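Colleague: Kindly return the folded structure for what I paste below:
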Amino acid sequence: MKQDSRGEQVKKRKMIGMLVGDPCGSYQTKFLEGALKILFENDMDAAIVSTFGKRSMSRENIGGEEEILNMINPDKADAVIIAPDTLVLDTDQLEKFLVNLKKRFRKPIVCADYDYSGFNVINTDDTLGMQLLTDHFIEVHGKKDIMYISGPLEHPHSQMRLKGFRNSLEAHGMTFDMASVFEGDFWYTTGEKFYSFLTESGRKLPDSIICANEPMALSVIAALEKVGYQIPDNVAVAGFDSDDDEIYNKDILTSCRRDSYTTGQKSALEICRLLGTEPSHTEVNDSSASLCIGKTCGCTSRNIFSGNYTSIGIESCASFQNLRSDYNYMLEDLVFRHDIEDFMWAINWYISEVNNFDRFTICINDNIFSQDPEFDRTTYSDRMIIAYDRDNSKENAVVGLDNCFDRSIMLPELDAEREVPSAFYFSPFHSHERCFGYMVAEYRNRPAVYHKDFRLWRRHVNVSFESLRRFMEMKATIENNNRLSDEMRRTQEELILAFAEITESKSGQTGQHVKRVSEYSKVLGEAAGLSKDDVEILRTASMMHDIGKLTISPEILEKPGKLTEDEFKIIKTHVTAGERMLHKSPGRIMEAARTIALEHHEKWNGTGYLRKKGQDIDLFSRIVAVADVYDALVSRRSYKEPYSERRAYDIILEDSGKHFDPKIVEAFVQSYDKILAVLERHPDCQ
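Modeller: All right, here's what the predicted structure looks like:
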């Protein structure tokens, strides 16, 4: 056995696996805090594997999230606690997952708030909570005609909550009738369906509506107010299962908070019992469910309108250190990174925004940038690389690509002997269904969960790493194919075009602008006497002329009116930003693209962005300047309608010798029929 700092022996602890989706959710946070408190008191470690998001996400995004569940090695855990309803899996997928878990894992399993055959189940008592909520409507507000909106009736939570509603009615001598129960879907689509049901059935509006969760309650309020009803004057409304929505609608929506902290404690105590461990204490103080009294039940006379409600938190965003601040540029900064190590060092800077952990590790697939088409990108590789590792007890983070381990280990630190118990949170690192690896946060001997902004921080990292992957893939493709056949050159061109179209889409333009500028430049290059090779380089490189706009906010790019002086200064930075983004990319095409990105707003008379003049401006840039301005004139923009071809033609001629090189304008005039043909071939979609 290993010895600690005092020379005492340190035993290897039992490891409890936990499967809990979105640890940042309020139900999950309290559940985890309760469970970890018991586990740590009994000197046990925990490995928490989590998905994020909602089942309503795209299938691709869900695929990237749920793959973390397939990474689990059952041999690493002595027992498992699972909260199935928090995972992103739909009903069929969840059933398959639980069947597979039962087959693979022959050790104790405790299932929280989800009845499943063969598992020990710990349920939060929603019956009492719903009874308390209904009691409030009857006893405080004297409600007699109450309609109940349930979730899917076969769902165990629906059944418990419906039972609580019924118990309250019967306890007050009121008749329970299923005709007063509407089956909803636990989601924001319920409100409109419920109002349609009232209208079509001819049932009069009840004096109150109690919903089995908050999303349904909010949707009912919105649907009723849309047709003129006032809440709570015309009808009182309440939700249930007060979670993240309650945070944002606190003091407005009457609801009920579930006691998930106690559920977590009971789940951990059950694990202790199943493992034959005598827990430090065997009882927990049931705090029970608690009412969240808002205004929608009638506890205030002031009318409440749907405009008062919000589905996102509103908080002060004055500091750049706040991820929700307008001055936080984490995402933009990460997009600029050109290799993995550079990216990970940038992560080390921005980790401070969510650093409430003791250690944070990013593990990536060892084949992440392989060009082999046979690799399955939707799963994790057999070997993982610890690309980033920050232990807050040490001075510096460790970044590199040399520290590899077998994926079955999950994380080398899991097998280390520690002086105190730890909780390890595993979360997926991916973009849509493409898996990069996973992130692991460690908390030592304290029942903590991720920082409240971890969801958003993680999304920034996922999206920007996908940008890096695409950049490196494009760079590798360019390096490998710069002198190959026309077919390979077309592949390279398609990658550049796709990247350029992403740039254009950010500013509300279509990819047709990229194609037209490219073809105009080819026509002008031919008319100016460039060689065939130079014309092709110019045609391809010109697609990247506005890549620097990736760094400009959409609010400025799509502004319908005239830009302010400060906004125009920001717009002008896209030329230097584009040059920086391309400056490490080798090859003639990328060298030309870099120059064009920097100089395409220069003017012949020296009054352009960078004040370059005449022959000091690269020939390719002078050609693209004419092509870009002409297309901008004949195209619709957020700030103007399109000019006629004739007016645009006249403007180009008028600016000869001022904005444009006279020789390029002469080439424009000579080849104008070809310019019009390009415009006709690539019109904008209306």
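Colleague: from here on, contacts and neighbour counts on C-alpha atoms
Modeller: Noted.
Colleague: what's around Ser180, how many residues?
Modeller: Around Ser180 there are 14 other residues, counting by other Cα atoms under 10 Å.
Colleague: Look up the pLDDT of it for me, please.
Modeller: pLDDT for Ser180: 94.
Colleague: and it, what does it touch?
Modeller: Ile146, Met147, Tyr148 (Cα atoms under 8 Å, 6 or more residues apart in numbering).
Colleague: how about Ile362, phi and psi?
Modeller: Dihedral pair for Ile362: phi -120, psi 120, per degrees, to the nearest 10.
Colleague: And Val110, by the same measure?
Modeller: Main-chain dihedrals, Val110, degrees, to the nearest 10: phi -110, psi 130.
Colleague: How about the one 4 residues further on?
Modeller: Dihedral pair for Tyr114: phi -160, psi 120, per degrees, to the nearest 10.
Colleague: these two touch, right, it and Asn120?
Modeller: No: Tyr114 is beyond contact range of Asn120, at 9.9 Å (criterion: Cα atoms under 8 Å).
Colleague: Tell me how many other residues surround the nearest residue to Lys532 once chain neighbours are set aside.
Modeller: Excluding the flanking residues, the one nearest Lys532 by Cα to Cα, 6 or more residues apart in numbering is Glu526, at 7.8 Å. Around Glu526 there are 17 other residues, counting by other Cα under 10 Å.
Colleague: and the gap between Glu526 and Ile675?
Modeller: Glu526 sits 12 Å away from Ile675 when distances are taken as Cα to Cα, to the nearest Å.
Colleague: Same check on Phe97?
Modeller: Per Cα to Cα, Phe97 is found 59 Å from Ile675.
Colleague: now Gly142
Modeller: Noted for Gly142: a distance of 77 Å to Ile675, by Cα to Cα.
Colleague: in what helix or strand does the residue nearest the centre of the chain lie?
Modeller: Nearest to the geometric centre of the chain sits Arg459, at 4.1 Å (Cα atoms, centre = their mean). Assigned by DSSP states H and E, Arg459 falls within helix 454-481.
Colleague: Please name every helix or strand in contact with that helix.
Modeller: helix 330-335, helix 340-350, strand 422-431, helix 486-506 (3 or more Cα pairs under 8 Å, 6 or more residues apart in numbering; DSSP states H and E).
Colleague: what pLDDT, on average, does that helix get?
Modeller: For helix 454-481, the mean pLDDT works out to 87.
Colleague: quick one, that helix and helix 340-350 angle?
Modeller: 160 degrees (axes from the mean of the first three to the mean of the last three Cα atoms, to 10 degrees).
Colleague: can you list the domains in the chain?
Modeller: 1-121+262-277+357-451, 126-257+289-308, 482-681 (automatic domain parsing).
Colleague: Can you list the low-confidence ranges for the stretch 51-200 of the chain?
Modeller: Residues of the stretch 51-200 of the chain meeting the criterion pLDDT under 70: 56.
Colleague: Go through stretch 168-182 and flag the buried ones.
Modeller: Within stretch 168-182, the residues scored as buried using 16 or more other Cα atoms under 10 Å are Ser168, Leu169, Val181, Phe182.
Colleague: For it, give the distance from the opening residue to the closing one.
Modeller: Start-to-end, stretch 168-182 (Cα to Cα) is 18 Å.
Colleague: chain center to that stretch, what's the gap?
Modeller: How far stretch 168-182 lies from its chain's middle: 42 Å, per Cα atoms, centre = their mean, to the nearest Å.
Colleague: now swap in stretch 222-234 and tell me
Modeller: 33 Å.
Colleague: Equivalent analysis for stretch 445-452, please.
Modeller: 21 Å.
Colleague: Compare the domains of the chain and report which one is nearest to Asn328.
Modeller: In terms of Cα to Cα, the element of those nearest to Asn328 is domain 482-681, at 11.9 Å.
Colleague: And that closest one, how far out from the chain middle?
Modeller: Distance of domain 482-681 from the chain centroid (Cα atoms, centre = their mean) equals 33 Å.
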